[in-house]
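Colleague: model this:
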Amino acid sequence: MNTTSRIPLLSLCLVLALICTGTSAARGGGELTSEHRKELSSIRREMSKVSSLIRRRKLDEVERILDDVESRLRQVADEADLSPGDRLLASVTNLLVRQRHGLALRRNPKKYLEEQNTVSFVKHVAPILKARCVECHADDPSGKLKLDTFAGMKKGGKTGPLLVMGNANRSLIMYRLAASEQHRMPLKESPLSPNELSLLALWINQGAKFDGANEEHDLDELLDPRHVAPPKEFPKPTGGETVSFRNDIAPFMAAHCLRCHQGKMPSGQLLLVDFESIMQGGRHGRILIPGNPDESLMYQLMASYDEANRMPLEGKVTKKNFEDLGTWIREGARYDGGNSRLHLRALNPADSEMRAAELATLTAEQFRQFRETRSTGQWKKVFPDVEPKSVTSTGIQLYGNVSTGRLTEVQEWSDTHLETLRELFALNQNQPLWRGGLSVFVFGGRGEFETFNQQIALRRVFTENHGTTLVSSTFEDALVILHDTGDRSDGTAPTLEFSLVEQLTSAYLATIDATYPEWVVEGLGPALAARQVDDKDKYADSFRGAVVESLRKLEKPADVFHDGVFFSSEQARPVAVTVTQFLLKRGRVRNFAKLMTALQAGGDIDNSIRIVYGADPDVIARAYFSDLKIRRR
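Modeller: Numbers count the residues shown, from 1 in each chain. Okay, the predicted model is just below:
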């Protein structure tokens, strides 16, 4: 990860321009003629005047020049059948981006800086995915992870969700992109640049928001929507039909047809990814004739007695599937799925959605039993020959290969901290913090801790990790995994009690439908842990010494409260912890609880601080600096 304190804004624009030039292929494999090259040279000469005009503040003239240049550049792209981001236009496109940046910065610096500090999925993230990820993660994707749409990225793959909204440090995608070479993605390719990593981290920390038209749209459509026609309209059901495309036809087509009929080279040039492509047909023409199944090629091939020609080639549709298809065509092949470009898989609830609906019907006692059964099953999956020790507490079930006495100690620490969380988040005593309770797994050895994480949490842990959390939005999983590092710290690793408090806090924050500033998410757990453990704990004390250099470089003291200031965990974590410690000490838990309530209600951090602490964020920040005895340069 980049260790600079902030991505330079110019570099942010350059990253966008440079990435786009490497990601957008020519629309028709076009070429530049000699006339086009002369026009590009003329455009460069025209733009060479811009910097001087900006310095002389002739901004309206600059805008007219850049508008004209952009129009001429698009004309060249259209005539040469090139995408505006094609590498053949790269040098001129990059220059135009830089000049636009300079103009906007001179016109309204404050507004432009605010806009540029917001990372866009469409403008910034999608080009990175297109350039570095979709080759392996589109059709028949590696690890069942599709990255050619935002919906696929949000869903994740067989190793679980990629994104923890608002927290890049806990997001699996950042682990994989920044891992050691053997495990790093993209596999066997050069790693992402520091700027690319920083952009992704900042986007996640800002909530991983989607700013396109449709989460199911392919990245190509998001990046160059001008050249995509609107979805076609098809006859809708009249109400008397007995078979639904959405509920009856799309599910078996998604299961049996997509293996051969998606991607850039579909079998028979026939795409079957959405209703529009189905109705378009392939190399042999249309495959559906509404009202006439016997004349419909799709129906004929499914009915064929010739195994070499019968579709699908792999797997078999059921008799009901075949009969439903015939009935649906006979009834007019009407479409009840809304947008005709919705992917077949998007038309029906995924297994995960059906699972969520199933879990939502469980009573409190049924969910508790479900948690107990699932947790014991997870243990047996990893350690089938080892019976775990276990201790039960209200709302928490503990398992481990440590002694029962040790688990009882952990249970007592947990009970103490849960009271703090209830006070901090204004929860009543009868309100459960996790549906079905929380399972806590404690391992005496590092190897068992790593193995359990890899097989159950599906994540690789690094040497500095001694505790992890997995809480799914449906509460299908709600667990904390801990390595017992003992009760005394040498300053390089936390004690077991410290890790427990930090992870319990993280596990509760994962249940709240709110976007907190990254310093709250990163710092609250360790800050509360530092309050609960011995005051002389060396690990808890180490955060104060680690913040000095990072804080001295800040332009404004109040920036400690704002997201996107620090991009490496080495910088962000100590600052987040010490800021949270200071606020807890300054106004005690009661005031910090008010701050959390204000933020949870959607308040911005600056106004929330003013309301709760009765002072401007800059004043509070300066008091924080003074408390740390830090003099700014």
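Colleague: centroid-nearest residue for this structure?
Modeller: L163 (3.2 Å; C-alpha atoms, centre = their mean).
Colleague: for that residue, helix, strand, or coil?
Modeller: coil (DSSP: H, G, I helix; E, B strand; the rest coil).
Colleague: can you pull the contacts of it?
Modeller: 153-154, 156, 171-173, 204, 208 (C-beta atoms under 8 Å, 6 or more residues apart in numbering). C-beta: built from backbone N, CA, C; applies to glycine.
Colleague: now swap in R406 and tell me
Modeller: 400, 442, 484.
Colleague: redo that, cut-off 7 Å
Modeller: D484 (C-beta atoms under 7 Å, 6 or more residues apart in numbering).
Colleague: okay, it: pLDDT?
Modeller: Reported pLDDT at R406 in the predicted model: 96.
Colleague: what strand or helix carries it?
Modeller: helix 404-424 (DSSP states H and E).
Colleague: elements contacting the helix or strand just after that helix?
Modeller: Moving toward the C-terminus from helix 404-424, the next helix or strand (DSSP H and E) is strand 438-443. Judged by 3 or more C-beta pairs under 7 Å, 6 or more residues apart in numbering; DSSP states H and E, the packing partners of strand 438-443 are strand 396-400, helix 404-424, helix 446-452, strand 478-483.
Colleague: from those, which stretch is densest packed?
Modeller: Mean neighbours per residue, mean count of other C-beta atoms under 10 Å, is largest over the helices and strands packed on strand 438-443 for strand 478-483, with a mean of 25.
Colleague: that one pairs with which strands?
Modeller: strand 438-443 (parallel), strand 467-471 (antiparallel) (DSSP bridges).
Colleague: that strand to strand 396-400, inter-axis angle?
Modeller: Taking axes from the mean of the first three to the mean of the last three C-alpha atoms, to 10 degrees, one finds strand 478-483 and strand 396-400 inclined to each other by 40 degrees.
Colleague: got the domain ranges for the protein?
Modeller: According to automatic domain parsing, the chain comprises the domains 9-116, 132-227, 245-340, 362-513, 514-633.
Colleague: need these in JSON lines (columns: distance to P237).
Modeller: Below are these laid out as JSON lines (distance: least, C-beta to C-beta, whole Å):
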{"stretch": "domain 9-116", "distance to P237": "36"}
{"stretch": "domain 132-227", "distance to P237": "22"}
{"stretch": "domain 245-340", "distance to P237": "5"}
{"stretch": "domain 362-513", "distance to P237": "32"}
{"stretch": "domain 514-633", "distance to P237": "40"}
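Colleague: would you single out the least confident of those domains?
Modeller: Across the domains of the chain, the lowest-scoring stretch is domain 9-116, with a mean of 70.
Colleague: sorry, back to before: gap between the helix holding R406 and the chain center?
Modeller: How far helix 404-424 lies from its chain's middle: 32 Å, per C-alpha atoms, centre = their mean, to the nearest Å.
Colleague: ok, stretch 386-397 next?
Modeller: Worked out by C-alpha atoms, centre = their mean, stretch 386-397 lies 33 Å from the chain centre.
Colleague: would you mind measuring the gap between the ends of that stretch?
Modeller: 18 Å (C-alpha to C-alpha, to the nearest Å).
Colleague: got it, and stretch 122-136?
Modeller: 20 Å.
Colleague: list the buried residues for it?
Modeller: 122-134, 136 (16 or more other C-beta atoms under 10 Å).
Colleague: what's the answer for stretch 241-248, then?
Modeller: Buried, per 16+ other C-beta under 10 Å, within stretch 241-248: 241, 243-246, 248.
Colleague: tell me how far the ends of it are from each other?
Modeller: End-to-end distance (C-alpha to C-alpha), stretch 241-248: 12 Å.
Colleague: nearest residue to A493 other than its sequence neighbours?
Modeller: Spatial nearest neighbour of A493, chain neighbours left out: T485 (5.1 Å); criterion: C-beta to C-beta, 6 or more residues apart in numbering.
Colleague: and that neighbour, what is it in contact with?
Modeller: 466, 493-496, 499.
Colleague: picking that back up, among the helices and strands packed on strand 438-443, which is nearest V589?
Modeller: In terms of C-beta to C-beta, the element of the helices and strands packed on strand 438-443 nearest to V589 is helix 404-424, at 5.9 Å.
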